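[1] I'll drop the sequence and a predicted model, then ask my questions.
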Amino acid sequence: MTAQDYLYMLRDQMHTVVLATVGSDGSPYTCAIDIMLADTGGLYFLTARGKSLYHRLQQDSRVALTGVSGGDTLSSRSISLQGRVREIGSARLPEIFAQNPYMQKIYPSADSRAALTVFCLYTGSGEYFDLSCQPIFRQRFSIGDGVLQKVGYYVTKRCTGCGRCQQSCPQNCIDCSRVPVQIIPSACLHCGRCQQVCPQNAIERSRS
């Protein structure tokens, strides 16, 4: 799937996500928000200007969010995204209320809606993680000018092809048909067991 598909999934299938922000004291704060819109410009959510969330976003535009769908752990899909937001004001409020009519019960009048403003998460990188299939599936993506960081584990030339890592991998995501062996990143849990059992210390973790 594309990055845009994952934004639509956040809007339509997950909708309510946990958003992390940075406070003026440098501490992390979380809150639940609803993803109201998604398009090629990013993800959109709203808040009231009197809320603590608004003031944290004014002080520091860095955010991270995670949305989850599924009835239990083994049917769950999650999307995590970290990046920056910018305030775009009230121009898209009519569209937000039209597509999310439940908001009319929370802010029923035009006067009450004057307190609201919209933010757009316009740049960043993220990951889709699917536990509902075997092996698991994960995919990295970016939006805007976000840069994908190298994550997970990789095998160096010190590998001798002994196969200890494959025997210990809970998702059987190590290809031993070549030397060095290859970790299949889309099926890797990032548990680190392969690194722990490698007798040659040939497996390293990306530091990003």
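    That came through fine.

[2] Going by C-alpha atoms from here, please, whenever you check contacts or count neighbours.
    Noted.

[3] secondary structure class for the spatially most central residue of the chain?
    The centroid of the chain falls nearest to residue 80 when counting by Cα atoms, centre = their mean (1.2 Å). The three-state label given to residue 80 by DSSP: H, G, I helix; E, B strand; the rest coil is strand.

[4] Look up how far residue 169 lies from it.
    24 Å (Cα to Cα, to the nearest Å).

[5] Straight-line length of stretch 97-107, end to end?
    Rule used - Cα to Cα; the end-to-end distance of stretch 97-107 is 10 Å.

[6] Apologies, that question was intended for stretch 174-191.
    Stretch 174-191: ends 13 Å apart by Cα to Cα.

[7] Which residue ranges make up each domain of the protein?
    Listed by automatic domain parsing, the domain ranges of the chain are 3-143, 153-205.

[8] Which helix or strand contains residue 167?
    Assigned by DSSP states H and E, residue 167 belongs to helix 164-168.

[9] With adjacent residues omitted, what lies nearest to residue 62?
    In this structure, residue 62 finds its nearest non-sequential neighbour in residue 84, 4.6 Å apart by Cα to Cα, 6 or more residues apart in numbering.

[10] which stretches of this structure have low pLDDT?
    Within the chain, the stretches with pLDDT under 70 are 208.

[11] how about the helices in it?
    Applying DSSP state H to the chain gives helices spanning 3-9, 52-59, 93-99, 103-106, 110-113, 164-168, 193-197.

[12] Turn these into a markdown table, including distance to residue 27 and mean neighbour count.
    Output for the helices of the chain, formatted as a markdown table (distance: least, Cα to Cα, whole Å; neighbours: other Cα atoms under 10 Å):
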| stretch | distance to residue 27 | mean neighbour count |
| --- | --- | --- |
| helix 3-9 | 27 | 18 |
| helix 52-59 | 11 | 16 |
| helix 93-99 | 30 | 14 |
| helix 103-106 | 29 | 11 |
| helix 110-113 | 30 | 11 |
| helix 164-168 | 38 | 18 |
| helix 193-197 | 32 | 18 |
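
[13] Can you give the distance from the biggest strand by length in the chain to the centre of its chain?
    The residue-count maximum for a strand in the chain (DSSP state E) belongs to strand 116-130. In terms of Cα atoms, centre = their mean, to the nearest Å, the gap separating the centre of strand 116-130 from the centre of its chain is 8 Å.

[14] returning to what we had before: now tell me what touches the helix holding residue 167 from outside.
    Contacts to helix 164-168, defined as Cα atoms under 8 Å, 6 or more residues apart in numbering, come from residues 172, 173, 174, 175, 176, 193, 194, 195, 197, 198.

[15] Also stretch 174-189?
    Residues from elsewhere that reach stretch 174-189 (Cα under 8 Å, 6+ apart): 135-139, 152-161, 163, 165-166, 171, 173.

[16] Give me the neighbour count for the residue lying closest to residue 64 once chain neighbours are set aside.
    Closest residue to residue 64 apart from its sequence neighbours, by Cα to Cα, 6+ apart: residue 82 at 4.0 Å. Residues near residue 82, counting by other Cα atoms under 10 Å, number 21.

[17] Same question for the one 10 residues further on.
    Counted with other Cα under 10 Å, the burial measure for residue 92 works out to 14 neighbours.
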